[in-house]
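Chemist: Fold the following for me, if possible:
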Amino acid sequence: MSRIGKKSITIPAGVDVRIENQTVTVKGKLGEMQREFHPDIQIEREGNVISVRPSGNRSILAPALWGMTRTLVSNMIAGVSTGFSKNLEITGVGYKASVAGSELKLALGFSHDVLLPIPAGLTVEVDKNVSIVVKGADKEKIGALCAVIRSYRKPEPYKGKGVRYSFEKVLRKAGKKK
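Modeler: Model prediction:
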């Protein structure tokens, strides 16, 4: 039995949830999200509460998808009501970031600047050229964009240069000894 899947989801005020067959549509002040779920999972709404449970056909996939489906629906509701954000920090001499229109411009020590298009539905803010904040309603898109940004220059263990999450601790190694 899934501990996460058993928990019910309370719908906050100002959020509209529609469930049609296996498609869940959520509307809120920060946008609208829609997702189709596996047919082995039943999603039911009773008043202000959504419950998720595996269907009765005893599929092998149903228990595995139960908790994940509940979390995805919960993230959709939280995304359109309050939103999500992730912070990245750039460390290194000459490393910087800036937003130009709908593109993120990164100077990470290459011979050229890296230009990343900002996906629709996300906003990127740069503070003091070294702090990047990615905000939006879709937690998956935020995580994917942050992973792409970080992949251009991962933090290295000797000087700590690179792009890291704000909560990330980089284990430093000792350099050469004479």
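Chemist: Any idea how many residues pack against Leu171?
Modeler: Counted by other CB atoms under 10 Å, the residues lying close to Leu171 total 7. The way it works is simple: take the backbone N, C-alpha and C, and place the C-beta from them, glycine included.
Chemist: tell me which residues of the lengthiest helix in the chain are tucked away?
Modeler: Longest helix in the chain, counting residues (DSSP state H): helix 61-81. When neighbours are counted by 16 or more other CB atoms under 10 Å, the buried residues of helix 61-81 are found to be 62, 65-81.
Chemist: Just the pLDDT at the residue positioned nearest the centre of the chain, thanks.
Modeler: For the chain, the residue nearest the mean C-alpha position is Lys139 (2.8 Å; CA atoms, centre = their mean). Looking at Lys139, its pLDDT is 95.
Chemist: Could you pull up the contacting residues of it?
Modeler: When the contact criterion is CB atoms under 8 Å, 6 or more residues apart in numbering, the partners of Lys139 are Asn75, Gly79, Phe84.
Chemist: Would you mind giving the residues you listed as a markdown table with distance to Ile4 and pLDDT added?
Modeler: Putting the contacts of Lys139 into a markdown table (distance: CB to CB, whole Å; pLDDT from 0 to 100) gives the following:
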| residue | distance to Ile4 | pLDDT |
| --- | --- | --- |
| Asn75 | 12 | 96 |
| Gly79 | 18 | 95 |
| Phe84 | 18 | 96 |
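Chemist: Between those, which sits nearest Lys169?
Modeler: Phe84 (21.9 Å; CB to CB).
Chemist: how about the closest one, what does it touch?
Modeler: Remark: with contacts taken as CB under 8 Å, 6+ apart, Phe84 is in contact with Asn75, Ala78, Lys135, Gly136, Ala137, Asp138, Lys139, Ile142.
Chemist: what angle do the host helix or strand of the last one and helix 61-81 make?
Modeler: Spelled out, that is Ile142. Assigning secondary structure by DSSP states H and E places Ile142 in helix 139-152. Taking axes from the mean of the first three to the mean of the last three CA atoms, to 10 degrees, one finds that helix 139-152 is oriented at 90 degrees with respect to helix 61-81.
Chemist: Figure out how far helix 139-152 is from the centre of its chain.
Modeler: 8 Å (CA atoms, centre = their mean, to the nearest Å).
Chemist: next helix or strand past it?
Modeler: Moving toward the C-terminus from helix 139-152, the next helix or strand (DSSP H and E) is strand 162-165.
Chemist: Not counting that following strand itself, show me its contacts.
Modeler: Under the contact criterion CB under 8 Å, 6+ apart, strand 162-165 has outside partners 86-92, 95, 106, 108, 132, 146, 149-150, 152-156, 170.
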